[in-house]
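Chemist: when you get a sec, could you give me coordinates for this:
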Amino acid sequence: MEIINEANQLELQDYAFSKKGVRQNRILYLLLKNKSMSTAELCNELNCSSATIRNDLRELDRMKLIKRIFGGAATLDDTYGCIPMKEHLEYARSEKELIAEYVVTNIIKPGQSIILDMGSTCLALARQLSNIDFDLNIITNSLLNAEALSQNPHIYLSMPGGSYSIPSDTFDCAWTLEYYENIHPDYYLTSANGVSTSGVTLTMTTDMTRALIKQKISEKAKKVVLLCDHNKINKTCFYHMCDISQIDLVVTDDLCSPDERKAFLNLGVDVAFAEDTQFSVK
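Modeler: Reported below is the predicted structural model:
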């Protein structure tokens with residue numbers, strides 16, 4: 001099933017790599033980082049005219065990505081993309097480690113090919129994979145993942161390269177997207193900022209090409225496994241990564257409330273709760 005049709009995907013790519021798209025994405029990053037900024041401050045940061053910035057702010061406000069305030073704008077989004085990944089790992093750390101342990105024990109088998117996504121839950125998994133004693137082929141766009149995985153001689157490690165973002169710990173650019181065109185892994189182990197019956201979604205982060213890259217890999221992988229702690233359930237963010245029907249398995253922690261557990265089971269896909277060896281299926 002196609003995530004978006006080819007025409008729409010090309011249109012989104014054109015916008016993502018355009019001067020306007022890069023500028024508006026930079027505005028969102030600055031607002032995420034600073035919470036609010038004046039029009040004059042944004043003009044100074046981006047070396048643009050006040051008319052250009054005001055037009056950008058109107059468009060972003062219309063898309064409900066920011067809130068226009070007197071003389072400037074403020075963020076509506078969370079700060080996920082601005083927190084260094086090592087710090088983000090500390091949030092819900094025990095849940096992420098439980099998820100990682102479940103994946104190593106129950107999903108990954110010798111000789112498989114895996115694309116391991118960026119993100120704090122995937123970083124927890126990379127650190128556990130650094131201790132395996134069987135061969136694996138792993139591709140990752142995360143420098144922190146690669147740092148952990150490179151210590152294990154059983155892992156054949158590849159990276160796509162591209163432009164590196166320190167806050168999000170990922171390589172994202174047009175060349176990165178092209179790299180995945182001819183890749184067909186056994187598993188895509190990925191994470192997201194929100195999951196609901198509406199789909200798997202991502203917040204606006206430092207480079208909107210990340211959503212395109214995740215979409216592309218989801219199309220290419222034989223199986224897609226979503227790793228997310230219970231805090232992500234029933235949360236919908238800006239970017240649509242894929243439909244929930246394109247996820248083969250959701251792995252979450254066993255620390256969720258009864259309502260959160262019910263919400264996971266209502267997704268309509270297989271759900272594995274870490275510490276629980278049985279799959280719960282809607």
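
Chemist: report the longest helix in this structure, please.
Modeler: helix 19-34 (DSSP state H).

Chemist: and the average pLDDT for that one is what?
Modeler: For helix 19-34, mean pLDDT rounds to 82.

Chemist: so after that helix, what's the next helix or strand?
Modeler: Proceeding N to C from helix 19-34, the next assigned helix or strand is strand 36-38, under DSSP states H and E.

Chemist: list the buried ones in the next helix or strand along the chain from that next one?
Modeler: Using DSSP H and E, the helix or strand that follows strand 36-38 towards the C-terminus is helix 39-46. Residues of helix 39-46 classed as buried: 39, 42, 43, 46 (neighbour count, 16 or more other CB atoms under 10 Å). Quick note: C-beta positions are derived from backbone N, CA and C, even for glycine.

Chemist: please apply the same query to stretch 187-200.
Modeler: Those would be 187, 188, 189, 190, 191, 192, 193, 194, 195, 196, 199, 200, for stretch 187-200 by 16+ other CB under 10 Å.

Chemist: cool, and stretch 127-147?
Modeler: For stretch 127-147, using 16+ other CB under 10 Å, the buried residues are 127-130, 136, 138-146.

Chemist: got the CA positions of the host helix or strand of residue 128 in CSV?
Modeler: Assigned by DSSP H and E, residue 128 belongs to helix 120-129. C-alpha atoms of helix 120-129 as CSV (Å, rounded to 0.1, in the frame of the first residue of the first chain):
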residue,chain,number,x,y,z
SER,A,120,16.2,7.2,22.1
THR,A,121,14.4,3.9,22.1
CYS,A,122,16.4,2.7,19.1
LEU,A,123,19.6,3.9,20.8
ALA,A,124,18.7,1.7,23.8
LEU,A,125,18.3,-1.2,21.4
ALA,A,126,21.7,-0.4,19.7
ARG,A,127,23.4,-0.6,23.1
GLN,A,128,21.9,-4.0,23.8
LEU,A,129,22.8,-5.2,20.3
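
Chemist: helices or strands up against it?
Modeler: Contact here means 3 or more CB pairs under 8 Å, 6 or more residues apart in numbering; DSSP states H and E; on that basis helix 120-129 packs against helix 85-88, helix 93-106, strand 113-116, strand 136-140, helix 143-149, strand 187-190, strand 223-227.

Chemist: show me the contacts for residue 97.
Modeler: By CB atoms under 8 Å, 6 or more residues apart in numbering, the contact list for residue 97 reads 124, 128.

Chemist: go through the helices and strands packed on helix 120-129 and name the closest to residue 56.
Modeler: Residue 56 sits nearest to helix 85-88 of all the helices and strands packed on helix 120-129, at 27.8 Å, using CB to CB.

Chemist: quick one on the thing from earlier: dump the buried residues of stretch 187-200 into TSV; add pLDDT as well.
Modeler: Formatted as TSV, these follow (pLDDT from 0 to 100):
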residue	pLDDT
187	98
188	98
189	98
190	96
191	93
192	89
193	84
194	86
195	89
196	87
199	88
200	91
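
Chemist: what bits of this structure have low per-residue confidence?
Modeler: 1-17, 64, 76-91, 167, 204-208, 276-282 (pLDDT under 70).

Chemist: any idea how it splits into domains?
Modeler: 6-77, 85-281 (automatic domain parsing).

Chemist: point out the most buried one among those domains.
Modeler: Among the domains of the chain, ranked by average contacts under mean count of other CB atoms under 10 Å, first place goes to domain 85-281 (a mean of 19).
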